[in-house]
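Enquirer: pasting the structure only:
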């Protein structure tokens, strides 16, 4: 953690009505499997401080994140709330005693890690908590490629595949959170690759994630060139479209947004659109499904997750205000 | 349409405060591909009148349904609202000029049929409209196997496969409605059946619906006996579990309820539970997924759809009351 958190510079005009207090800001923590991103601000275009932490053990990594916020508060930042978007699986049921934990991850040492608790204890402000991909979905909905939509899916295709859905304006939750990377995909004719998902072998993630492509082609997708790259784009386009098709039939989104490292392979989104049209066979007859705007790349890139944690913080703050108001009535 | 609509007999005690008016009731129309069910009442245990209409052409069939409600109103029934649950695909976007229509169905003569319009024009009360399977999902949530749950999926496996989802207490809508029967399923090892979906061949419906089983075994699933029946249950259990697995990863439901003719094959739900446990491989580690209560048969049987139309009517009435109240403020 080399880069220090600069004290926030009040670049936005502050309201003159509260003379002594600086304007309240939000804190965010994108807890990824290889790095944590901490930030303070109000949105992707208003980030006052940020730092990246390489992930080691849970105690050490969480302490480094806390130190970032501690320094910012000491330097005068008034945090109204914090949002955490975490790698998972995580426990999202508020009444569960493990709410805010990373539950059973293959990542060594991290199963059963309470990530929300230490933030709440140290910072004493409302702490919103969700998956990293749900945070990114929120951000694309608010500032990115899904602005103005009520129902959409955000997929990230990188070291794994994760998905979040917004349904009528709200993040989809149920028994925990979706695991869209693990839906089944049909096999491309003639493809005998086994898939690399440790659980399901040839599920969506097992066939389409960055490591799946690397296992097929012997190097990372970003480093492929020439005909091999064209072939990889065609293949990844087939499987991306296959996953998007089933998710579209399951969830009826207005749009599907795809982020993550693999999504930036040149020509991939175009190839997937074409495969999607071919695979849906015109069913159920909605012209929207055939339009380019139905399947698009992410607009916020790697900022989607971090910005989304600020949106989670804002929601946590609003929820707190609502419950205080109700308590006063 | 042989059976006449009996005038509603006021078996429930009516409130004495409104001396002249009978208590308001709801009307329901389950518009299926082969029969229409019309009913008047307040729920599955309080049905005052009902009739079944064999489906012929749209004009004639809709007129027969209207005649049922017309006679009931003439006999003194006070309809507060009507709900329609229709076969589809249907147009559910309220601002679309085809809202309330059956859009592009393979059923001869029925594409582009306005089914809600004539009911609204004739009866002059609020008319709720949704898919037949969404209506059934509502009914299972209110009176059946999903009582008390906030997030669940209802599947019907019969001549086709349809699915509806309730997410945090509300029916899932987006760009239209889900088409869960058309998600992809992985092939059972050694199975070379082509599938019978006219669009996708071997999708969930193409491999698992009643006609798919009939095409494999040469007769309807209900008529199979002995070892062939055991084999069919094992196979249908595999594919039902495969579909449920992907839908669970996509939507994170608290429970999946399965209705429809195929769901009543003896032993099917048990076989599917066992295949589901095997197929999920313990991912993402939620013990709930392994419990018998996660995947259950429907509680309301063939009453789910008709009862659900009464729930749609009730929602339409409540929506109308809310908007009148807001207009008065």
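Expert: Okay, I see it. Computed from a predicted structure; not experimentally measured.
Enquirer: Now do the buried residues in stretch A:107-122.
Expert: A:110, A:113, A:114, A:115, A:116, A:118, A:119, A:120, A:122 (16 or more other CB atoms under 10 Å in any protein chain shown). Any C-beta I mention is one placed from the backbone N, CA and C, and that applies to glycine too.
Enquirer: Stretch A:48-55 too?
Expert: Quick answer for stretch A:48-55 (16+ other CB under 10 Å): A:48, A:49, A:50, A:51, A:52, A:53, A:55.
Enquirer: Pretty sure the third one sits in a helix.
Expert: So the one you mean is residue A:50. No. Residue A:50 is assigned strand when assessed by DSSP: H, G, I helix; E, B strand; the rest coil, not a helix.
Enquirer: any low-confidence regions in chain A?
Expert: Scanning chain A with the threshold set as pLDDT under 70 gives A:1-21.
Enquirer: The spatially most central residue of it - nearest residue in space that isn't next to it in sequence?
Expert: Among the residues of chain A, the one closest to the centroid is residue A:133, at 2.3 Å (CA atoms, centre = their mean). Excluding its sequence neighbours, the residue lying closest to residue A:133 (CB to CB, 6 or more residues apart in numbering or on different chains) is residue A:162, at 3.7 Å.
Enquirer: now the helix or strand harbouring residue A:135, how far from the centre of its chain.
Expert: For residue A:135, the host element (DSSP states H and E) is helix A:132-143. Centroid separation for helix A:132-143 versus its chain: 6 Å, with CA atoms, centre = their mean, to the nearest Å.
Enquirer: swap in stretch A:172-180?
Expert: 13 Å.
Enquirer: what does stretch A:70-87 give?
Expert: On CA atoms, centre = their mean, the centre of stretch A:70-87 falls 19 Å from the chain's centre.
Enquirer: do you know how far the residue lying closest to residue A:122 once chain neighbours are set aside is from chain B?
Expert: Of all residues not flanking residue A:122 in the chain, residue A:66 sits nearest, at 5.2 Å (CB to CB, 6+ apart). Note on residue A:66: its distance to chain B, by CB to the nearest CB, to the nearest Å, is 27 Å.
Enquirer: Same check on residue A:234?
Expert: 19 Å.
Enquirer: The buried residues of stretch A:107-122 in helices, which ones?
Expert: A:116, A:118, A:119, A:120, A:122 (DSSP state H).
Enquirer: What sits closest to the second one if chain neighbours are left out?
Expert: By the measure of CB to CB, 6+ apart, the closest residue to residue A:118 outside its immediate chain neighbours is residue A:62, 5.4 Å from it.
Enquirer: For that neighbour, give me phi and psi.
Expert: phi -70, psi -40 (degrees, to the nearest 10).
Enquirer: Tell me, how many residues neighbour it?
Expert: Counted with other CB atoms under 10 Å in any protein chain shown, the neighbours of residue A:62 add up to 22.
Enquirer: so what's it up against?
Expert: Contacts for residue A:62 (CB atoms under 8 Å, 6 or more residues apart in numbering or on different chains) come out as A:113, A:115, A:118.
Enquirer: re the thing from before, tell me which of the buried residues of stretch A:48-55 is nearest to chain B?
Expert: residue A:55 (20.1 Å; CB to the nearest CB).
Enquirer: Identify the residues contacting the closest one.
Expert: Residue A:55 neighbours (CB under 8 Å, 6+ apart): A:32, A:33, A:34, A:35, A:36, A:61.
Enquirer: where does the third one fall, phi/psi-wise?
Expert: Read that as residue A:34. phi -110, psi -20.
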